[in-house]
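**Student:** From the sequence below, what's the structure:
(4 chains)
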There are 2 protein chains.
Amino acid sequence: MTISKPDQAEAAPRPTRRRGEALLHAIYEASILETAALGLSGLTMEGIARRAGTAKTSLYRRWSTPEDILIEAMHRNFPQEEPSPAATDLRSDLIAALMLLRETSASPMGQALFAVVAEAGRYPHLHKRIWRDVFDARGGRFTKTVLHHYARAGRLDPARITPVVEDIGEALFIKFVVDNGLPPDRAHIEAIVEQAILPALGQG
Amino acid sequence: MTISKPDQAEAAPRPTRRRGEALLHAIYEASILETAALGLSGLTMEGIARRAGTAKTSLYRRWSTPEDILIEAMHRNFPQEEPSPAATDLRSDLIAALMLLRETSASPMGQALFAVVAEAGRYPHLHKRIWRDVFDARGGRFTKTVLHHYARAGRLDPARITPVVEDIGEALFIKFVVDNGLPPDRAHIEAIVEQAILPALGQG
DNA sequence: AAGATAAGATACGTTATGGTTTCTAATGTG
DNA sequence: CACATTAGAAACCATAACGTATCTTATCTT
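**Tutor:** Coordinates of the predicted model:
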């Protein structure tokens, strides 16, 4: 759950001189790892360059701030996998959706996202950009997808799927991460589904 | 919802030379305002001294890191008001508890707390200290207090008050803040109580 | 009133980062 | 193969915070 610094003086194994896509990829990855490790406020051109094994010059040639790099990086790498509610019962599909969120949040991308959202209050313009360019553009839905799927199939009363109810799973997930510093295990996720989401849907 | 920098060159109205409690108070307040404005990673001795209108010397005389100041400040200023479930119905008492949380979270103290908790993942030792010295020592409970009160009074099945259920209100509250950058209004709080907490208690 | 205490101003050398500029040589193209 | 790109290295200056040391003087104590 923790991403360490690049450490040693030579962070770059110097594969050879990269260009185009290969270089971009390394830079994007570095920006995400840096954010996961140091947070939004710790994100600097120097840090990204160091971790990517490139020179600041190559960064400033394309972007003017570290945030610009991060936004592009997150836009490209955002996990698209939506939960596919194929199974037969609501309970398992909700659990599967939250387990998917669990995987996502454990990745460097997930940690970077968490850091950004957590600090975004102090960077209002970033908050907007993240929501517009990353969350809304790509997925960002987990239990929501499942709930609407079941509602469309007529197996759930659409009236009960309010904005609050849509958020219960993710909200309890996030609170757990904040409190404990790591994502909940399967048992806790099952408890969330059984003790909070299903009752709110009238499926106690 | 945003705390601005001390701005002008002269942040200190120079009331006169303060000592003891008066000085301490100013320093504690400054540390909380700095954290609310700049986050944990932006907290520096220089910043606190500047905002408190004092000299770094006076800070180093007592503490060795800005975090030490902040911990003490939060310990002292943590809002103790527990919700007092005097009323007759569970619904209004839960709403009152979350409205109290709303007030708390809007204060500089609340914002600082949010910033710290959000970034604490990257400062594991701080995370521990905050939880031990601030949260556990003082309150940190809102709907939890209400739920246990009703359980003791025999008006709620204790078996339903699981760790997950205890967290529902605060979790949805926090998620709202993260998503929108400001705390929920009364209508949304009512929705949280009616659509999420009460159903989980079997009081739909 | 005299002396002890400590607030506050100032300055200093160090370190880290920011952002820019200049130069080199590797890589891809025609 | 020759040339145009551009990645990467290095040096630069400015800023900001660190931690410490020195000195003055307001304020409290006795």
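**Student:** what's the residue closest to the geometric middle of chain A?
**Tutor:** By C-alpha atoms, centre = their mean, chain A has its centre lying nearest to A:G110, at 3.4 Å.
**Student:** so where does that residue fall, helix or strand?
**Tutor:** Using DSSP states H and E, A:G110 sits within helix A:108-119.
**Student:** how about the following helix or strand past that helix: buried residues?
**Tutor:** Counting by DSSP H and E, the next helix or strand C-terminal to helix A:108-119 is helix A:124-130. Residues of helix A:124-130 classed as buried: A:126-127, A:129-130 (neighbour count, 16 or more other C-beta atoms under 10 Å in any protein chain shown). Any C-beta I mention is one placed from the backbone N, CA and C, and that applies to glycine too.
**Student:** Make JSON lines from the residues you listed and add pLDDT and distance to A:S92 to it.
**Tutor:** What follows is the buried residues of helix A:124-130, written out as JSON lines (pLDDT from 0 to 100; distance: C-beta to C-beta, whole Å):
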{"residue": "A:L126", "pLDDT": "81", "distance to A:S92": "37"}
{"residue": "A:H127", "pLDDT": "80", "distance to A:S92": "35"}
{"residue": "A:R129", "pLDDT": "81", "distance to A:S92": "36"}
{"residue": "A:I130", "pLDDT": "81", "distance to A:S92": "31"}
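**Student:** what two of those residues have the greatest distance between them?
**Tutor:** Among those, the pair separated by the greatest distance (C-beta to C-beta) is A:H127 and A:R129, at 7.4 Å.
**Student:** Show me what the one helix or strand in chain A whose mean pLDDT sits lowest is packed against.
**Tutor:** Within chain A, confidence by mean pLDDT, DSSP states H and E is lowest for helix A:124-130 among all helices and strands, at a mean of 80. On a contact count with 3 or more C-beta pairs under 8 Å, 6 or more residues apart in numbering or on different chains; DSSP states H and E, helix A:124-130 meets helix A:66-77, helix A:108-119.
**Student:** Pick the most deeply packed of those helices.
**Tutor:** Highest mean neighbour count among those (mean count of other C-beta atoms under 10 Å in any protein chain shown): helix A:108-119, with a mean of 22.
**Student:** Tell me if that one is near chain B.
**Tutor:** Yes - using C-beta under 8 Å from any C-beta of the partner chain, helix A:108-119 reaches chain B at A:114-115, A:117-119.
**Student:** Now flag whichever of those is closest to B:D179.
**Tutor:** Looking across the residues of helix A:108-119 next to chain B and measuring by C-beta to C-beta, the closest to B:D179 is A:V117, at 8.5 Å.
**Student:** Can you get me a residue count around A:P158?
**Tutor:** 12 (other C-beta atoms under 10 Å in any protein chain shown).
**Student:** where along chain A do the helices fall?
**Tutor:** Counting by DSSP state H, chain A has helices at residues A:20-38, A:45-52, A:56-60, A:66-77, A:90-106, A:108-119, A:124-130, A:143-152, A:163-180, A:186-192, A:198-200.
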